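> All I have is the shape, not the residue letters:
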């Protein structure tokens, strides 16, 4: 996943009501929602850990959607700022809201539990795009299939499928499996709809 597209909401001004206390110097929060992927999620978490590296200004939040009694916080070893949220129910993709509401970083990066965050400077790339345009609320990333090395047609967030896939562009929607959002934008726009259990939620939110 590399950040190659951007989408903006109408008014990214902050609303502090109910916002979590910000940790001083925390640049980003990486949020991952997991359900029924214990066979894979240790590897995707390890990839996030590699991206974070030695940084102490980035937290990782694992939102556990598995409706069981298993504590998966043990998967977070090696992360400087790990946090674990147990939902005790499968809330679907709306569990991203729980991660976002707990996030303390200026930027919230959402990564699916079957997606490998790439490249290693992904967080710097997200930050640079936001810094270059203060009106942006959301920056999406490019979905690259690990088998084919290409972007599936359905995962290309533009109606013109002939566009170059390795160039940034403004668009009307974003890819839910990997995107970044200003925390102040989330606070202003509000939570993602709970009407979508899986799929189409990012189109509705955009």
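Right, received. Where do you want to start? The structure presented is a predicted model; accordingly, all values stated were derived computationally and were not measured.
> Tell me the spacing between the residue lying farthest from the centre of the chain and residue 141.
What lies farthest from the middle of the chain is residue 162; by Cα atoms, centre = their mean that is 26.2 Å. Note on residue 162: its distance to residue 141, by Cβ to Cβ, to the nearest Å, is 20 Å. The way it works is simple: take the backbone N, C-alpha and C, and place the C-beta from them, glycine included.
> pLDDT averaged over stretch 94-104, what's the number?
Averaging pLDDT along stretch 94-104 gives 95.
> which residues sit against it?
The contact list for stretch 94-104 (Cβ atoms under 8 Å, 6 or more residues apart in numbering) reads 18, 20-23, 26, 29, 31-33, 59, 61, 63, 65, 83, 85, 87, 91, 108, 110, 181, 183, 186, 191-194, 196-197, 201.
> Quick check: the residue farthest from the centre of the chain is in a helix.
No. Remark: residue 162 does not belong to a helix; assigned using DSSP: H, G, I helix; E, B strand; the rest coil, it is coil.
> quick revisit: in PyMOL, how would I select the buried members of the contacts of stretch 94-104?
Burial among those is assessed by 16 or more other Cβ atoms under 10 Å; the matching PyMOL selection reads:
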select buried, resi 26+29+31+32+33+59+61+63+65+83+85+87+91+108+110+181+183+186+192+196+201
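> Just the contacts of stretch 94-104: which are in helices?
183, 186, 201 (DSSP state H).
> could you list every residue that touches the second one?
When the contact criterion is Cβ under 8 Å, 6+ apart, the partners of residue 186 are 100, 108.
> Same check on the first one?
Applying Cβ under 8 Å, 6+ apart, we find residue 183 in contact with 29, 100, 103, 105-108.
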